[in-house]
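Enquirer: Here's my sequence, what's the structure:
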Amino acid sequence: MAKITYIEWNGTRHEVEVRPGMTVMEGARDNGVPGIEADCGGACACSTCHVYVAPEWVDRLPPRDPMEADMLDFAWQPDPVRSRLTCQLKVTPELDGLVVQIPERQI
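Expert: Presented below is the predicted three-dimensional model:
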């Protein structure tokens, strides 16, 4: 299991253990973490699972593919460096300790 920390926009922290092979979005959804809506169910067809990755994790994640980059254009206040869609982040043992911040809203 990989421990992922989700931080709500108000600072509330949720430390969740997520099974490798799942996505960071599924970990939030399955554990009732508020703020990750995942309207498209993980198909990379919306931006409602948008998060800001902690700065120390940005270079440790796989790069965005073109579809994710396009969908991030629709996210609320995307950051060109730190924004990611959690449906596109596959959990691996290497992601143990990942920290993501949930924006104030999803659009």
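Enquirer: Helices of the chain, residue ranges please.
Expert: Counting by DSSP state H, the chain has helices at residues 24-30, 66-72.
Enquirer: how about CSV for those helices, with distance to Met1, mean neighbour count and mean pLDDT added?
Expert: C-beta here means a position set from N, CA and C on the backbone, and glycine is covered the same way. Output for the helices of the chain, formatted as CSV (distance: least, C-beta to C-beta, whole Å; neighbours: other C-beta atoms under 10 Å; pLDDT from 0 to 100):
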stretch, distance to Met1, mean neighbour count, mean pLDDT
helix 24-30, 10, 23, 98
helix 66-72, 25, 15, 97
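Enquirer: how about those in CSV, adding distance to Trp57?
Expert: Listed next are the helices of the chain as CSV, based on distance: least, C-beta to C-beta, whole Å:
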stretch, distance to Trp57
helix 24-30, 11
helix 66-72, 16
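Enquirer: Identify whichever of those helices lies nearest to Pro78.
Expert: Nearest to Pro78 among these is helix 66-72; the distance by C-beta to C-beta comes to 4.9 Å.
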